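*Asks:* sequence plus predicted model, see below.
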Amino acid sequence: MSSRDELYRRLFRTALLIRLVEQRIIELYPSDKIQSPVHLSIGQEAVAVGACDALRKDDVVFATYRSHAFYIAKGGRLDAMFAELYGRMGGVSKGKAGSMHLSAPEVGLMGSSAVVASAIPHAVGAALAFKRRKSSRIAVTVFGDGATEEGVYHESLNFAALTKAPVLFLCEDNGLAVHSHRHIRQSYGLLQHAASYGIATRRLDEGWDAVAVREATVEAVERVRAGEPFLLEIATARYKEHVGVGEDFHFGYRAQADIDRWKRHDPLIQDRQLVEALTPEVEREIAQAVAFAESSPTPGRAELLTDVL
């Protein structure tokens, strides 16, 4: 097996793990065992997998409320993730954070937030701290195109450009902010706007290809480590509804045909042979994580005010 084939298989397995985790969440959700709203990453796995594989273990990522994929791709414990979704003590935040606020600082996933764009300045601040400490580490901030309409995004671009903070701005562009398309929300082009601050940019349209995402991220990270912020925009597609586990095509804001076109490129759908080869071991891993969550104790009244600042 060539090194590129090995890379493809490694990235594919992580992407498959994420997808099967999400599908397990879909199965569990009607039981009410999962104690928080969920924003699924189905369709967007390749972005997280390719990007995180291009980072060092000590690089940090600040993610959004749609962060299952980044949590897993960065190396977060799967059993602790399921326990968090279950609201159990074995969760990453003892069941208090839920799906939208996952974190795993021990592997560099610094936090996720339900507040749109709120993690962007955190990443810039972390990057500036790395620079002042003369560290070669970098920070990555992940966001959707809708977050670029928030004032803090513009402030963060300006500050990062002024300070040459080693931060990678990573936009997962699924073309939507909830149900709204970009052309009715934005009068600017994302790349041109960032370039106006003196920030180098690139867009990758093949966001279904984890290897291509990795290659683009490697190039971007090299420039960031050399001392300049960078914006990488990656096109992707969200298969499920904005929040929840169902379909939403009946709302009429997007067409099934558009998602079907994306699926014709999706390796997790098209590479059936590798899916069949890897699924049994991946499903065993997921089953163990779910069993851990279900056996983890629920928090009692004594936990009500712990870890509250």
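*Replies:* Sure thing, it's come through. Numbering: from 1, shown residues only.

*Asks:* please give the element, helix or strand, for the residue nearest the centre of the chain.
*Replies:* Compute the mean C-alpha point of the chain, and by CA atoms, centre = their mean the closest residue is F70, 3.7 Å away. Of the helices and strands defined by DSSP states H and E, F70 is found in helix 68-73.

*Asks:* need the CA coordinates for that helix. PDB is fine.
*Replies:* Extracted C-alpha coordinates of helix 68-73, given in PDB (Å, rounded to 0.1, in the frame of the first residue of the first chain):
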ATOM      1  CA  HIS A  68     -18.800  16.500  17.100                       C
ATOM      2  CA  ALA A  69     -16.500  16.000  14.100                       C
ATOM      3  CA  PHE A  70     -13.800  18.300  15.300                       C
ATOM      4  CA  TYR A  71     -13.900  16.800  18.800                       C
ATOM      5  CA  ILE A  72     -13.400  13.300  17.400                       C
ATOM      6  CA  ALA A  73     -10.900  14.300  14.700                       C
END
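
*Asks:* okay, now Q23: neighbour count?
*Replies:* By the criterion of other CB atoms under 10 Å, Q23 has 15 neighbours. C-beta coordinates here come from the backbone N, C-alpha and C atoms, glycine included.

*Asks:* check contacts around F12.
*Replies:* For F12, the contact set (CB atoms under 8 Å, 6 or more residues apart in numbering) comprises 210, 267-268, 271, 274, 278.

*Asks:* what's the most distant pair in these?
*Replies:* Pairwise distances across these (CB to CB) peak at 14.0 Å, for the pair A210 and L278.

*Asks:* which of those two has more neighbours?
*Replies:* Remark: of A210 and L278, A210 carries more neighbours, 28 against 17, as counted by other CB under 10 Å.

*Asks:* give me every residue that touches the more buried one.
*Replies:* Each residue near A210 by CB under 8 Å, 6+ apart is listed here: 8, 11-12, 14-15, 45-46, 49-50, 53, 267.

*Asks:* can you show me the helices along the stretch 51-200 of the chain?
*Replies:* Counting by DSSP state H, counting those that start in this stretch, the segments of the stretch 51-200 of the chain that form helices are 68-73, 78-86, 120-132, 151-163, 190-195.

*Asks:* picking up where we left off before, do you know how far the residue nearest to the centre of the chain is from L11?
*Replies:* Distance of F70 to L11, computed by CB to CB, to the nearest Å: 14 Å.

*Asks:* rewinding a little: ok, the residue nearest to the centre of the chain - contacts?
*Replies:* With CB under 8 Å, 6+ apart, F70 has these contacts: 48, 52, 61, 63, 109, 112, 142.

*Asks:* looking at the residues you listed, spot the one nearest A127.
*Replies:* The closest of the contacts of F70, once distances to A127 are taken by CB to CB, is V61, at 11.6 Å.

*Asks:* next, give phi and psi for T298.
*Replies:* Phi and psi for T298, reported as degrees, to the nearest 10, are phi -80, psi 150.

*Asks:* who touches it in this structure?
*Replies:* Residues near T298 by CB under 8 Å, 6+ apart: 87-89, 95.

*Asks:* do R202 as well
*Replies:* Shown in contact with R202 (CB under 8 Å, 6+ apart): 191, 216, 219-220, 230-233.

*Asks:* and if you look at G43?
*Replies:* G43 neighbours (CB under 8 Å, 6+ apart): 174, 236-240, 259, 262, 266.

*Asks:* closest one of the residues you listed to Q288?
*Replies:* K240 (24.9 Å).

*Asks:* G43 versus the closest one, what's the distance?
*Replies:* Taken as CB to CB, the span from K240 to G43 is 8 Å.
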